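just to be clear, the model below is a prediction. Sequence and coordinates:
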Amino acid sequence: MTPPSRSIWVGQVELTQGMEISPLLRPPSASDQAARVWIRQFGVPLGHCEIPIEGGVPDVDALRQAITSQFGAVACPDDPPFGAEYVASEEPRAAYGDSTHFKTASEGRLDPFTVIVATKGRPELAGNSLSSLRELIYPTFEVLLIDGSLDTRTAEVFERIVGDDARFRYVAEPRPGLSLARNVGMSMARHDLVAFTDDDCRVDPLWLTSLSRGFARDPRVACVTGLVPSSDLRTAAQQYFDHRVWWSTSLTARTYMPEPNDGDSPLYPFRMGVYGTGANFAMRRNTAMEIGWFSELLGHGGPCRGGGEDGDMFIRVLRSGWHLAYEPSAIVWHEGRATDAELQAQLQEYGRGILITGLKWMVDPNMRRDVLRRLPRAVIYYLGLLRSKGDDSQGHGASMASAEARSIPRGAAAFVTGYRIWRRQESAYDSRRPRKAA
């Protein structure tokens, strides 16, 4: 892959606190040639500006001009926009200002959350994720770290970072599979609202508050997804991935319903990657009990060695008559794969996951007919999508799109093997379905 034309540093500005630019993952360095700065007001993202950076110092004057050009005269009202309710911490967070900038909501108006993070063999990343979760501004929540490691490194990091914080629980689960880990987490959840993120992500302090806003739109909303912006863009691999996924920049809120709206694709609701990503979503535990848990046939580390468990869940939510909300103010920052090899491996898993998920739907008698009648359009759509992924400004996307495309046929063989394993595990799977927590 061709090296990136420039290294891009990522930061953010909270307008209620002036023009101080806060780093998201790392401080700016002399090797950075540009800065992407997210503009927020009372925590709500308005968009981002790209400005020059020289000698590791972002051009603040250029940022002011960019904000005026892109957003006009941005006012800072006394109350948060959109009727949002923010919960101030006892000790004010520098990034969001003191408690006078936020309305304080009572615990009775914000339902408690269980947060589930699955990890395996990545103690440093898990530690960073835990550190961000400790900064959440929310009245009542718990965090379950589901660790699939076969050593003690992650447990040691958990003890060092969490200490005696009773909101956090460590769960050792040596059986493989992301879906299995999430199912185990849900089986232990104490609250009905269950949020999910990945170990290579850092959550925003207002993440749970914003997810709550998504659930509050309509009582039929059973699942909420959110924005997953890139926290670093120094390499070509990170920039390519940021360019190809809509959830890294989309600020358009929407509620998806079981029936398509005017203008929706003929494939609706069978479109992977349209509703959000598994790195940032929440759902009602009771709904999961109703429609079935994450398919352990799918997901990283599962029998088929492919992803797709998140998209499968989103589509099953809609097909069951529930609504799904995309809430862009619910932010989880993603570091992204920094090297070509890491990104290719990720995209190959995506490619396998698309075929495996489709095959899973076709063997399901409740979904087979709907899937088969959309199949010709789906093939045409995905081929066009691969072509568009191979066309990027630096001319290096073709190799990544090709790697993803080559992995798709391999998904058929993986599905045959994985499906047999999965069928043998069905009885054990049923026994692990979430039970009422003590």
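In hand now; what should we look at?

burial of Asp190, as a residue count?
Careful, residue 190 is Arg and not Asp. Arg190 is flanked by 17 other residues according to other Cβ atoms under 10 Å. The way it works is simple: take the backbone N, C-alpha and C, and place the C-beta from them, glycine included.

ok, now which ones touch Pro260?
Applying Cβ atoms under 8 Å, 6 or more residues apart in numbering, we find Pro260 in contact with Tyr268, Pro269.

list the contacts for Ser210?
Counting by Cβ under 8 Å, 6+ apart, Ser210 has contacts Gly43, Ala84, Asp204, Gly226, Glu327, Ser329, Ala330, Ile331.

now the fifth one: closest residue in space, sequence neighbours ignored.
So that's Glu327. For Glu327, ignoring the flanking residues on the chain, the nearest one in space by Cβ to Cβ, 6 or more residues apart in numbering is Gly214 at 3.6 Å.

where exactly do the strands run in this protein?
Counting by DSSP state E, one finds strands in the chain at the ranges 8-14, 22-23, 34-41, 44-54, 57-58, 113-119, 141-147, 168-172, 193-198, 201-203, 221-227, 254-256, 280-284, 323-334.

tell me the domain boundaries of the protein?
1-96, 105-438 (automatic domain parsing).

dump those domains to CSV, plus mean pLDDT.
Formatted as CSV, the domains of the chain follow (pLDDT from 0 to 100):
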stretch, mean pLDDT
domain 1-96, 78
domain 105-438, 86
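
before we move on, back to that, any chance of the strands of the chain in TSV, with mean neighbour count too?
Formatted as TSV, the strands of the chain follow (neighbours: other Cβ atoms under 10 Å):
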stretch	mean neighbour count
strand 8-14	23
strand 22-23	14
strand 34-41	22
strand 44-54	18
strand 57-58	18
strand 113-119	25
strand 141-147	24
strand 168-172	16
strand 193-198	24
strand 201-203	23
strand 221-227	26
strand 254-256	18
strand 280-284	26
strand 323-334	25
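
and these: which comes nearest Leu267?
strand 254-256 (13.2 Å; Cβ to Cβ).

ok, Glu159 to Val171 distance?
14 Å (Cβ to Cβ, to the nearest Å).

ah, wrong one, I meant Arg373
42 Å.

quick one: the helices in the stretch 251-400 of the chain, in order.
In the stretch 251-400 of the chain, the helices defined using DSSP state H, counting those that start in this stretch lie at 285-291, 309-319, 340-363, 368-389, 397-424.

chain center to the second one: distance?
Going by Cα atoms, centre = their mean, to the nearest Å, the spacing between the C-alpha centre of helix 309-319 and its chain's C-alpha centre is 15 Å.

and what of the last one?
Centroid separation for helix 397-424 versus its chain: 22 Å, with Cα atoms, centre = their mean.

same check on stretch 288-295?
19 Å.

put the alpha carbons of that stretch into CSV.
Output in CSV follows, covering the C-alpha atoms of stretch 288-295 (Å, rounded to 0.1, in the frame of the first residue of the first chain):
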residue,chain,number,x,y,z
ALA,A,288,-32.7,-10.2,23.3
MET,A,289,-34.5,-12.7,25.4
GLU,A,290,-37.5,-12.5,23.0
ILE,A,291,-35.7,-12.7,19.7
GLY,A,292,-32.6,-14.9,20.6
TRP,A,293,-29.1,-14.0,21.7
PHE,A,294,-26.0,-13.4,19.5
SER,A,295,-25.5,-16.2,17.1
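
quick one: buried residues of it?
Ala288, Trp293, Phe294, Ser295 (16 or more other Cβ atoms under 10 Å).

mind putting the contacts of Ser210 in a markdown table, distance to Gly11 included?
What follows is the contacts of Ser210, written out as a markdown table (distance: Cβ to Cβ, whole Å):
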| residue | distance to Gly11 |
| --- | --- |
| Gly43 | 15 |
| Ala84 | 23 |
| Asp204 | 14 |
| Gly226 | 20 |
| Glu327 | 23 |
| Ser329 | 18 |
| Ala330 | 20 |
| Ile331 | 14 |
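
could you export the strands of the chain as TSV, including distance to Thr357?
Below are the strands of the chain laid out as TSV (distance: least, Cβ to Cβ, whole Å):
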stretch	distance to Thr357
strand 8-14	31
strand 22-23	37
strand 34-41	32
strand 44-54	30
strand 57-58	42
strand 113-119	19
strand 141-147	22
strand 168-172	27
strand 193-198	18
strand 201-203	22
strand 221-227	17
strand 254-256	18
strand 280-284	16
strand 323-334	17
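
right, and the ones you listed - which one's nearest Gly301?
strand 113-119 (9.0 Å).

list the contacts of that closest one.
125-126, 129-130, 133, 138, 140-149, 154, 178, 181-182, 185-186, 189-191, 193-199, 203, 208, 211, 282, 285.

ranking the domains of the chain by burial, who's on top?
Mean neighbours per residue, mean count of other Cβ atoms under 10 Å, is largest over the domains of the chain for domain 105-438, with a mean of 19.

so in terms of bridging, what pairs with Ile331?
Judged by DSSP bridges, the bridge partners of Ile331 are Leu227.

what distance do you get for it to Ala216?
Note on Ile331: its distance to Ala216, by Cβ to Cβ, is 17 Å.

then Leu227?
18 Å.

cool, Pro409 as well?
Pro409 is 44 Å from Ala216, by Cβ to Cβ.

then Pro123?
Relative to Ala216, and taking Cβ to Cβ, Pro123 is found at 36 Å.

same check, this time on Gly351
37 Å.

for Arg373, same thing?
On the measure of Cβ to Cβ, Arg373 and Ala216 end up 36 Å apart.

contacts only, for the nearest residue to Ile421 once chain neighbours are set aside.
Nearest in space to Ile421, with sequence neighbours left out and distances taken as Cβ to Cβ, 6+ apart, is Pro303 at 4.1 Å. Taking Cβ under 8 Å, 6+ apart, we find Pro303 in contact with Gly177, Glu296, Leu297, Thr417, Gly418, Tyr419, Ile421, Trp422, Gln425.

mind doing that once more with 7 Å?
Leu297, Gly418, Ile421, Trp422 (Cβ atoms under 7 Å, 6 or more residues apart in numbering).

for the last one, which non-adjacent residue is spatially closest?
In this case it means Trp422. Leu297 (4.2 Å).

touching, that neighbour and Cys304? I think so.
Yes. Leu297 lies in contact with Cys304 (Cβ atoms under 7 Å); the separation is 6.0 Å.
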